[in-house]
Structure formats: C-alpha cells, structure tokens
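1. sequence and predicted structure, then a few things I'm wondering about:
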Amino acid sequence: MLEVAMRGMQTELLTEGQMLSLVCSAAAGADTMACELALEMGVPVNLILPKRRERFMKDFTAYGPQVWKRVEWLLEAVENNLHGSSVEVVPDSVNEPECYEWVNRLILARSRAFLVVWDGMDTGLPAGTGSLVRKVRAGDCPYVFLNTQCPDLIESRGLSRYS
C-alpha cells in the first residue's frame, strides 16, 4: 500500500518534471517505513526531529531495541546526506509536547503534497497525525491518506492517480 502510493506519486511528479522528496519525522511505524522505502527508491529524506538524538531515543524504549536500531540507521543515512537527505531538529528550548507540534508545523510548511499513513483515529491532540490530517484537509495542497485499518479506503485530493 505505502510502496504503491509512493511510487505512484514519484511517477506523477516525474511526468510533471518534478522530483519527489520525503519530509517527515522518524516515529516508529509508518514514518520509519516511509523513510526506509524512500531511501531504497533513491528519494531524499528530509527528517524533522522533535528533539536531539539522545532525547529522541527515549521515545522508543517501549518499542524495544530493534525499532530504535532501524531509526538509528535512518538517522545515520540522512545525516550522511544519502540521496541529498537532510535532518533538522526542533530547538532544545522547545519542550514536550510542543516539540511534536513544531514537527507538524514544519512538515506542513515544507511540503507541497502529502502522503499520510494512519489508522484513521484522531486523538484530538495537537501533535498527533489526526491534527496533521485536519490541517492538510483544511489547506489546498494535494494529498493521499492511506488508512491502515481499512487498506481499501484511500482519500485523496489533487493527485490524478488517486482521484
């Protein structure tokens, strides 16, 4: 589902003379999978982290060491500019939970189209995926939303492949 959508977006952008790049954080789950896939496809990844690596690592303790190892590999690849990738970290002066809100604001500001993978559950929190989805829907950028709970449910706007 994710790979088909990313490759479709890449093809559509290429036919318009544009290049695909991924702007996201590195949360466990869809963020990590999207980053890995983008790098495999040769697509630059522009990571936006809510905090420095040492502090960010603590967010992964509940997932076990294997999940952090995947994220650590991504961080190293991006920090080494693989495929022109880059990393940006929210300033240390921004505390939780505001640092996660900053990530969403920066993703919104740096993106021209959105591919969002989520479970469709909106917690109402200002830093969650649901918050990002609400803001994308309210804007005018093209998007594709993939629902992990119902893979056949694809919501899109402005991308001919999905409309």
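-> Yep, that arrived. No experiment lies behind these values; they were computed from the predicted model shown.
2. going forward, measure contacts and count neighbours with C-alpha atoms only.
-> Fine.
3. which residue sits closest to the residue nearest to the spatial centre of the chain, ignoring its sequence neighbours?
-> The centroid of the chain falls nearest to residue 24 when counting by C-alpha atoms, centre = their mean (3.0 Å). When the adjacent residues along the chain are set aside, residue 24 lies closest to residue 47, with 5.3 Å between them (C-alpha to C-alpha, 6 or more residues apart in numbering).
4. residue ranges of the strands in this protein, please?
-> In the chain, the strands defined using DSSP state E lie at 22-24, 45-49, 86-89, 114-118, 143-147, 154-157.
5. right, and residue 101 touches residue 129 too?
-> No: counting by C-alpha atoms under 8 Å, residue 129 is not a contact partner of residue 101; they are 10.2 Å apart.
6. rewinding a little: from residue 16, how far out is the residue nearest to the centre of the chain?
-> When C-alpha to C-alpha, to the nearest Å is the yardstick, residue 24 and residue 16 sit 23 Å from each other.
7. repeat for residue 32
-> On the measure of C-alpha to C-alpha, residue 32 and residue 16 end up 27 Å apart.
8. could you check which of these two has the larger neighbour count?
-> A side-by-side neighbour count of residue 32 and residue 16, using other C-alpha atoms under 10 Å, places residue 32 first with 19 against 9.
9. got the phi and psi for residue 123?
-> Torsion angles at residue 123 (phi, psi; degrees, to the nearest 10) stand at phi -80, psi -10.
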